[in-house]
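# the following comprises the amino acid sequence and a computationally predicted model.
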Number of protein chains: 2
Amino acid sequence: MENDLNDKQIQILKIAETLFAEKGFDGTSIRDISKEAKINVAMVSYYFGSKEKLLEALVLFKTSGLKEQLVNLIEENLEPIEKINKLIELYINRLNCNRGIYRILHFELASKKKVLELESFTDIKKSNLKSLELIIQEGQAKGVFRKDVIIPLLTPTILGTYFHFQMNKPFFEEILDLKTEEAYNNYIKTDLTKHIQQTIKALLIYEN
Amino acid sequence: MENDLNDKQIQILKIAETLFAEKGFDGTSIRDISKEAKINVAMVSYYFGSKEKLLEALVLFKTSGLKEQLVNLIEENLEPIEKINKLIELYINRLNCNRGIYRILHFELASKKKVLELESFTDIKKSNLKSLELIIQEGQAKGVFRKDVIIPLLTPTILGTYFHFQMNKPFFEEILDLKTEEAYNNYIKTDLTKHIQQTIKALLIYEN
DNA sequence: GTTTAAATTAAACAGTTGTTTAATTTTGCG
DNA sequence: CGCAAAATTAAACAACTGTTTAATTTAAAC
């Protein structure tokens, strides 16, 4: 896969990400993108070939580097629970920075039959799960984590909580009285992240 | 809001639900629906007014009765933790039966600015939150639940976990070795539900 | 400066979109 | 029956869809 994108291509990808996040993949037209990017409609086809291939390029562009971050985390000299907390923080931060593309990836794409570079994305998910497993097994070996946790179900709880919060943004803005974009993002970085960390910690440690 | 739908209207709603679930709201055309339902294109506009109002009618059609179920649950003579468990079971079961429309509601729709003539749906969410609050406050009064829980964040954890699991179906089918549709749904009804119940219980009870 | 390739453009293409119209058929009621 | 309301239809509507074409401009190399 080519990764040598020029400035204009990257500009297009960034605007595509924003619009996909706002209005969905189907809800965003190439003309929307080209208008926002102040380029000609034909440029998208010229650079990426098609709308779908544009999405494919966007996925590859945005998912690079995560695996390395996780491996580094595992090798750090920290208590297991601290690693878990850091992993959650890392996840939430990354999701929140790339919320557009991750939403498409996790939800909109999951339902389409089309299989683009889906394998590469599945690989990322498996690799992430492996990293999580390593940390938890370490904690179990040290006797601080329960041994009957279903590890693959932790990811849905971590990511799902974030996504559900993000997808119901207008609702939570209202009931939590988060009036500005800044206040909302700040709430995610502090309270929501803490909530998820607390939830996972309780689940891993609490004995019936 | 009128609730007197005739057979033909209900037939249209059911097919719309299937197609929306399969291909998304934007990805489904009125012609797709009318073709599948073997009716004329104009009938959708004739009965519902517009595509958006069709969705609105679908929401109302599918979400009726939930509020009553929750109120009944609250009034039951059960321990708070048992009520929470039942509430989670009720949620997951309902979501799983109506997964098509709930997916649209929670994810696809939430991101659109234009929509949200769906006050009725916001009302449902608020009402659900109120029910959850009542149960938890009861548990707090009895001294069995922690008092520093952020109640509005429980819903994202409960529903988000389910949705993330459901949206990444192909992935979890593979890594959990759930080969049939039945095995998958069974896993949701037993293991996943239990996981969520355990998670929320731990969060509500576990003291640092 | 000339040549050649890349970048950019406006226009056209062939479909599809949601919705409306006006005509026709079906239905229910006296 | 007759007749009005409801249901159903084909057709048209204008706007939008992703993509392609062919012409033009820009950039780089010689």
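Looks like it arrived, so ask away.
# show me where chain A has helices.
Ranges of helices within chain A are A:7-23, A:30-36, A:42-48, A:51-62, A:66-75, A:80-97, A:99-103, A:118-141, A:154-167, A:169-175, A:181-187, A:193-205, based on DSSP state H.
# and the second one, C-alpha only, in PDB?
It stands for helix A:30-36. What follows is helix A:30-36, C-alpha atoms only, in PDB (Å, rounded to 0.1, in the frame of the first residue of the first chain):
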ATOM      1  CA  ILE A  30     -17.800  14.000  -3.000                       C
ATOM      2  CA  ARG A  31     -19.000  17.500  -3.800                       C
ATOM      3  CA  ASP A  32     -19.400  18.300  -0.100                       C
ATOM      4  CA  ILE A  33     -15.800  17.300   0.400                       C
ATOM      5  CA  SER A  34     -14.500  19.200  -2.700                       C
ATOM      6  CA  LYS A  35     -16.400  22.300  -1.800                       C
ATOM      7  CA  GLU A  36     -15.100  22.300   1.800                       C
END
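# could you identify which of the helices of chain A is most buried?
Among the helices of chain A, the stretch with the highest mean neighbour count (mean count of other CB atoms under 10 Å in any protein chain shown) is helix A:154-167, at a mean of 25. For every residue, glycine as well, the C-beta is placed using N, CA and C.
# now it against helix B:193-205, angle please.
Helix A:154-167 runs at 70 degrees relative to helix B:193-205, counting by axes from the mean of the first three to the mean of the last three CA atoms, to 10 degrees.
# packing partners for helix A:154-167?
helix A:80-97, helix A:99-103, helix A:118-141, helix A:193-205, helix B:154-167, helix B:193-205 (3 or more CB pairs under 8 Å, 6 or more residues apart in numbering or on different chains; DSSP states H and E).
# if you set the cut-off to 7 Å instead, what comes out?
helix A:80-97, helix A:118-141, helix A:193-205, helix B:154-167 (3 or more CB pairs under 7 Å, 6 or more residues apart in numbering or on different chains; DSSP states H and E).
# so which of the helices of chain A gets nearest B:L192?
helix A:154-167 (8.1 Å; CB to CB).
# please tell me how far the residue lying closest to A:L54 once chain neighbours are set aside sits from A:A42.
Nearest residue to A:L54, sequence neighbours excluded (CB to CB, 6 or more residues apart in numbering or on different chains): A:F48, at 4.2 Å. Distance, A:F48 to A:A42, by CB to CB, to the nearest Å: 11 Å.
# please apply the same query to A:Y91.
Applying CB to CB to A:Y91 and A:A42 gives a distance of 38 Å.
# again, but for A:G24
23 Å.
# ok, now A:K169?
For A:K169 relative to A:A42 (CB to CB), the value is 34 Å.
# would you mind listing what in chain A touches DNA strand C?
Chain A comes close to DNA strand C at residues A:N6, A:K8, A:I39, A:N40, A:V41, A:A42, A:M43, A:Y46, as judged by CB under 7 Å from any atom of the strand.
# how about 6 Å then?
A:K8, A:I39, A:N40, A:V41, A:A42, A:M43, A:Y46 (CB under 6 Å from any atom of the strand).
# without its sequence neighbours, what residue ends up closest to the third one?
What it means is A:N40. A:S34 (6.2 Å).
# tell me who's in contact with the one you found.
For A:S34, the contact set (CB atoms under 7 Å, 6 or more residues apart in numbering or on different chains) comprises A:N40, A:V41, A:M43, A:V44.
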